[in-house]
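Student: Got a sequence here, can you model it:
(one chain, ligands or ions: 2)
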Amino acid sequence: MTIDRIDRDLCNSCRLCVFTCPMDVIRMDADNVKAIIAYPDDCMLCGLCMVDCEKNAIFVGADRNPPLITSWG
Ligand code: SF4
Ligand code: SF4
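Tutor: Ligands and ions are numbered 1, 2, ... in the order given. Prediction:
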């Protein structure tokens, strides 16, 4: 269970998703320019990265409905 993809063309390298992900799934690529799904097995589909991404660059397939978390803890 994981997010499907991060669109490299849309990603503006802001790193918000890297800092937001509570499971440390997302990292920057080797060139430190674009976000990548580094540890897909750890994703719990919380949806936080998608909410934070101002470029709407993070996608989940229509067959999966991430339970959007509006508060943490
Ligand atoms: S929040 Fe969106 S635009 Fe920013 S680094 Fe992540 S995928 Fe890229
Ligand atoms: S959906 Fe949640 S756990 Fe998965 S990559 Fe995004 S912030 Fe991390």
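
Student: Please make it C-alpha for all contacts and neighbour counts, starting now.
Tutor: OK.

Student: Which strand or helix spans the most centrally placed residue in the chain?
Tutor: Nearest to the mean C-alpha position of the chain, counting by Cα atoms, centre = their mean, stands residue 49 at 4.2 Å. Following DSSP states H and E, one finds residue 49 within helix 48-52.

Student: that older thread, now do the residue nearest to the centre of the chain against residue 61, distance only.
Tutor: Look at residue 49 and residue 61: by Cα to Cα, to the nearest Å, they are 15 Å apart.

Student: With residue 45 instead?
Tutor: 11 Å.

Student: Residue 64: how many residues sit nearby?
Tutor: For residue 64, the tally of surrounding residues (other Cα atoms under 10 Å) stands at 12.

Student: same deal with residue 23?
Tutor: So residue 23, with other Cα under 10 Å, has 15 neighbours.

Student: That one belongs to a helix?
Tutor: No. Read with DSSP: H, G, I helix; E, B strand; the rest coil, residue 23 is coil and lies in no helix.

Student: Surely it and residue 45 touch.
Tutor: No. Using Cα atoms under 8 Å, residue 23 and residue 45 do not qualify as a contacting pair, with a distance of 9.9 Å.
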